[in-house]
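Enquirer: Next one to model:
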Amino acid sequence: MVLILLGSESDLPKVEDCINFLNDMGVPFKIDVSSAHRQPEKTLAYAKKAREEGFEVIIAFAGMAAHLPGVIASHTTLPVIGVPLSGGVLNGVDALLSIVQMPKGIPVATVGIDASRNAGILACKILGIKHKDIAKKIEKMKLDMKNQGHSVSEKLKKYIKQDL
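Expert: Below you'll find the model as predicted:
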């Protein structure tokens, strides 16, 4: 259901949260390295054939110049989620700006720098529009988040007005 593309194999450690989340949700994915600069033909083939190969969402991880998400988005009608990766002189800010500032008509949904898990969550929310089983898992995740670790400490209670 999800195609995950990395600009470099060295990015793999930053992708693990996304992979683990998709595995926990039971969402099938394919992962590969396809640099927009070093392997442009391979990248274009992935973008152009993703829908016919059964993918519904593409997540593209890229650092520095971060062209991968935009190149993919310009050659597919599938939703593309870009994940800017930290590194380089600007520690990921350059990647964030490269991904988020796409020209009109070529949108890329963008999560925060190194926000691999959020990319997986967003992909599942998109898939949940069509796949009710995934939507139910996302609803459960949100409920679990709401119920975990959000109790007010005794120290804080004395500062909270009871009449709100």
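Enquirer: CA atoms for contacts and neighbours, from now on please.
Expert: Will do.
Enquirer: for this structure, what spans make up the strands?
Expert: Using DSSP state E, the strands of the chain run over 2-6, 29-33, 57-63, 80-85, 109-110.
Enquirer: surely residue 8 meets residue 36?
Expert: No: using C-alpha atoms under 8 Å as the test, residue 8 is too far from residue 36 to be in contact (10.0 Å).
Enquirer: Compare neighbour counts for the two and give me the winner.
Expert: Neighbour count, other C-alpha atoms under 10 Å: between residue 8 and residue 36, residue 36 has more, with 22 against 16.
Enquirer: ok, now how distant is the nearest residue to that one once chain neighbours are set aside from residue 85?
Expert: Leaving aside its sequence neighbours, residue 36 sits nearest to residue 68 (C-alpha to C-alpha, 6 or more residues apart in numbering; 5.1 Å). According to C-alpha to C-alpha, to the nearest Å, residue 68 and residue 85 sit 12 Å apart.
Enquirer: any residues in contact with both of the two?
Expert: Common contact partners of residue 68 and residue 85 (C-alpha atoms under 8 Å, 6 or more residues apart in numbering): 61-62.
Enquirer: Any idea which residue is closest to the centre of this protein?
Expert: Geometric centre of the chain, nearest residue: residue 119, 2.0 Å, by C-alpha atoms, centre = their mean.
Enquirer: for that one, what are its contacts?
Expert: By C-alpha under 8 Å, 6+ apart, the contact set of residue 119 is 18, 59, 81-83, 111.
Enquirer: Closest one of those to residue 44?
Expert: residue 59 (14.5 Å; C-alpha to C-alpha).
Enquirer: For that closest one, give the beta-bridge partners.
Expert: Counting by DSSP bridges, residue 59 is bridged to residue 4, residue 81.
Enquirer: In terms of pLDDT, where does it sit?
Expert: For residue 59, the model assigns a pLDDT of 98.
Enquirer: cool, residue 66 as well?
Expert: Note for residue 66: predicted pLDDT of 88.
Enquirer: Grab the nearest non-local neighbour of it.
Expert: residue 95 (5.0 Å).
Enquirer: Surely that neighbour and residue 62 touch.
Expert: Yes: if you go by C-alpha under 8 Å, residue 95 and residue 62 touch, sitting 6.9 Å apart.
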